[in-house]
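Enquirer: Give me a 3D structure for the following:
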Amino acid sequence: LQEEGEEGGCERCRRTDPVVDFESVNKMLSDIGILEAFCGEIVLNVVCDVMRQVVVCVCKGQYETQLLDMMKTWIHRDVLDWIRSVLDTRENTGPGSGSGGEKDPPVRGEKDPTVRVWGERLDCFLYQEYSALRIGELFDIIIDFPESEIALRELKICLEKTNYRSTLMKSLKTSFETRLLQPGANTSDILAQYISSIRALQVLDPSGVILDVVCEPVKRYLRSREDTVRCIVVSMTDDSSSDLSEELVKAQPVYLEETIASDDESQDPDNWNPPPADAGASTYPKSYHSSDIISTLINIYGSREVFVSEYRTLLASRILTHYSFDTTRELRYLELLKLRFGESQLNFCEVMLRDVADSRRINHHITSLWDTTEKENKPDMDLNAMILSAEFWPSFREERIELPTRIKQALDTFRKSYERLKGMRTVEWKQNLGLVSLEIDVNGKMTEISVSPVHATIIMHFEDANVWKIDKLSATMQIAPTALRRKLAFWQGQGLIREDPVDVFSVTEEVARHVVEHGIPPASYDSDEESAMASVQDQKEEELQTYWQYISAMLTNLESLALERIHSMLKMFAMTGPSTVEFSVQELKHFLDMKVREQKLQYASGVYRLVKN
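Expert: Below you'll find the model as predicted:
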C-alpha cells in the first residue's frame, strides 16, 4: 500500500503481525457465531491434504510396523491442537485475548463436543486414506505374507469402519487377473501366490467372502492348466520345506464343499454366526469355514479322485525312475495321505509299495538260488527286477526295443527262475524301462555310468562294431531312425560317438579331454529325462477306448442315448476305482464324434446310435 506524502513522494505503510490479524479476524467471526461455518470447510480441506501426504509418506511400503495407532496419536495430539488454535480464539493468549494478557484462558480438550466431532471426522478420513493406500498395495502385501500380517490386521480395522470392502474386492480381483494370471507364469508360482492369498485373506476376512470372490478367476485359471494337479501333489510330497508339505503333516481330513454345507446344519446353535452382508447364497457357506489349505485346493476340482490318481502316477514315476527298493519316504507320505483322503482311496498305492518290498525279497531269493543250487543258471551279469502287479499300476510308456543277446539271455534266465519259484506265475518284461549300470573304458580309465536300456543297447552295439549306419542300427534295435538319432545325441554329447559323414556314426578315436580327466557326469546320464509312465493324454485316450466297450453295450441294450445320459451312466458304472484322469462332457462328445467319423456311431436328433451292419 502506498500513500502520497507531503512532498509528493510515497512511503510503505506499516504492516501489523499477520498472526495477530488472523486471530483478530477469527475472534470477530467467533463473536458473531459464524467462524466454524465460514472457515470449517477450508480448514478441513487443508488438514485432509496434509493428512493424505503424511499417510502416503509414512505408511507406503511399510508392512511390518504398527502405523495406524501412531497416525491417530499424531492427529489427536498435533492436528486437533492446530484446529483448536484456528477455530477457538478463547485459547489464544495474544495482546487482545484478555485484560492485560496475564490470565490464561480455559483450555478445552477432546471432551468438548466440537473437538470430539472434529476428531471423529479426522479418524474417519484416516481410515479411508489408509484403506485406499493398502488396497492399492494389497497384491504386494499378500506376496510378503506372513511378514506383512500387521498391515493386514490394520486394514481389517479400517474396513470395519469404512465402506471400502467392495472396492478392495474389485481392485484385488483385477490385480490377480492382470499381474498373476498370465500364460508365461509358472503354475507353481501361481499356486504359491494362491496359497499366500488364502492365508492372508483369512486374516483380513475370516468369513472367507473376500477370498471366494477375488480368487474365483485364479481357481478357474488353475483348472484350465493341465499341470495344476501334478504341481499340487508334488508340493505335498516334497522333502523340501514347502507350504503344502507342512499342511500335509497336520493330518486333517479333506473337506469338500458339499460336506461342509451339510456339516453346518449340525453345528452348535450357540456358535452360529450370520453370513456377511455381501455373501451371496451360492458362496456361503464354503470351504473357507476351515483354514485347511489342502481342502481349499482340492475344492478347485471338487473331487478327491483326481488327486489320488495323480499321486498314483507320481508314485509310480518315482519308483521307476530311481529304481530304489527303499520306500521309507514314500510310506511316510502314503500314511499322511491316508489321513487326508481315506485308506480306501489309496489301496492301489499301498499295493504298489508292497510290490517294491516283494521285489526286493524275490531278487534276494533268486540270487541265493543262483549262488547255491542253480549255479549253472547264473547269468554273467548282476540282475535285479522290479516285479509289478499290472492291475494296480498306471499305464506305462510303451517303446519297442530289441535288446542285445546277452541281456535277453539274462532276462530269460530270471524269468525261468521266477516261474520255478512262483509256480503258475510268470513275468512280462518292459524292455524300455529300467536302469543299466555300465563300466566304460575311456583310454584305459574305467568310468561307471547308469543309463536307460535304450542308451545301454546303443553303446553295447558299438562294442560289437565301431561304425554303424543309422538305418542299419535302427533295423537292428527296431527303433525309429528319428528316435534313435535323439538317443545317439546323448553319447555324442559325451564325446564317445561322432557322426561323420552324415548318417554314419562311429566310436570317437580321441575322446574329449574332460571325459578322460573327470569321466562321464552321472547327473547327465539321460538327456531325455522321459517319464516311465504314459502321458496324461495317452492315458486318457486309453481309458476312453476302454469306456467304448461300455458305450457299445449301453447302446446295444437301449438303442439310443443322449450325450448327458451316456456321461452319467459311465460315471455310475464305469468310472469306479482309481481312474487316471477324469473327462468332461465335452471330451466325451469329442470322442463320440470321432466314432461317428469312423462310422461306428450315428448321431441324429440329439442322440447316438450304433451303426447297424
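
Enquirer: check contacts around I190.
Expert: L180, L181, V218, Y221, L222, R225 (CB atoms under 8 Å, 6 or more residues apart in numbering). (C-beta placed from N, C-alpha, C; glycine too.)

Enquirer: Of those residues, just say which sits nearest to E335.
Expert: L222 (27.5 Å; CB to CB).

Enquirer: which other helices and strands contact whichever strand or helix holds that closest one?
Expert: For L222, the element it lies in under DSSP states H and E is helix 216-224. Secondary structure elements in contact with helix 216-224, counted by 3 or more CB pairs under 8 Å, 6 or more residues apart in numbering; DSSP states H and E, are helix 187-204.

Enquirer: The helix it packs on versus helix 216-224: what angle between them?
Expert: Relative orientation of helix 187-204 versus helix 216-224 (axes from the mean of the first three to the mean of the last three CA atoms, to 10 degrees): 150 degrees.

Enquirer: In helix 187-204, which residues are buried?
Expert: The neighbour-count check on helix 187-204 (16 or more other CB atoms under 10 Å) flags 187, 190-202, 204 as buried.

Enquirer: So which of the residues you listed is the closest to K156?
Expert: Nearest to K156 among the buried residues of helix 187-204 is L204, at 5.3 Å by CB to CB.

Enquirer: Which residues are in contact with the closest one?
Expert: L152, L155, K156, L159, I210.

Enquirer: Hmm, S166 and the fourth one touching each other?
Expert: Right, the one you point to is L159. No. Applying CB atoms under 8 Å as the test, L159 and S166 come out as separate, 10.3 Å apart.

Enquirer: Of the two, which one has the most company?
Expert: L159 (20 against 11; other CB atoms under 10 Å).

Enquirer: show me the residues around the more buried one that make contact.
Expert: Contact analysis of L159 by CB under 8 Å, 6+ apart lists S131, R165, L168, L204.

Enquirer: Tabulate the residues you listed (a markdown table), appending distance to D81, secondary structure and pLDDT.
Expert: Below are the contacts of L159 laid out as a markdown table (distance: CB to CB, whole Å; DSSP: H, G, I helix; E, B strand; the rest coil; pLDDT from 0 to 100):
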| residue | distance to D81 | secondary structure | pLDDT |
| --- | --- | --- | --- |
| S131 | 26 | helix | 93 |
| R165 | 33 | helix | 91 |
| L168 | 33 | helix | 94 |
| L204 | 34 | helix | 91 |
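
Enquirer: Generate JSON lines for these, with distance to V451 as supplementary columns.
Expert: As requested, the contacts of L159 are arranged in JSON lines below (distance: CB to CB, whole Å):
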{"residue": "S131", "distance to V451": "61"}
{"residue": "R165", "distance to V451": "60"}
{"residue": "L168", "distance to V451": "56"}
{"residue": "L204", "distance to V451": "53"}
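
Enquirer: So for the residue nearest in space to the middle of the chain, what's the pLDDT?
Expert: A centroid search over the chain (CA atoms, centre = their mean) returns L191, at 2.0 Å, as the residue closest to the centre. Confidence at L191, expressed as pLDDT, is 91.

Enquirer: Quick check: closest non-adjacent residue to it.
Expert: C231 (5.7 Å; CB to CB, 6 or more residues apart in numbering).

Enquirer: ok, and that neighbour, which helix or strand is that part of?
Expert: helix 228-236.

Enquirer: since we're on R420, how many residues are nearby?
Expert: 12.

Enquirer: Need phi/psi at it.
Expert: phi -70, psi -30 (degrees, to the nearest 10).

Enquirer: next one: Q599
Expert: Taking degrees, to the nearest 10 as the convention, Q599 sits at phi 60, psi 30.

Enquirer: my read: it touches V611, true?
Expert: Yes. Between Q599 and V611 there is a contact under CB under 8 Å: 5.8 Å.

Enquirer: okay, these two: which has more neighbours?
Expert: Each of Q599 and V611 has its neighbours counted (other CB under 10 Å); V611 has more, 12 against 8.

Enquirer: my guess is the more buried one contacts E598, does it?
Expert: No. V611 is beyond contact range of E598, at 9.3 Å (criterion: CB under 8 Å).

Enquirer: Low-confidence ranges, the protein, go.
Expert: For the chain, the stretches with pLDDT under 70 are 1-40, 86-112, 114, 241, 251-291, 443, 509-544, 574-583, 613.
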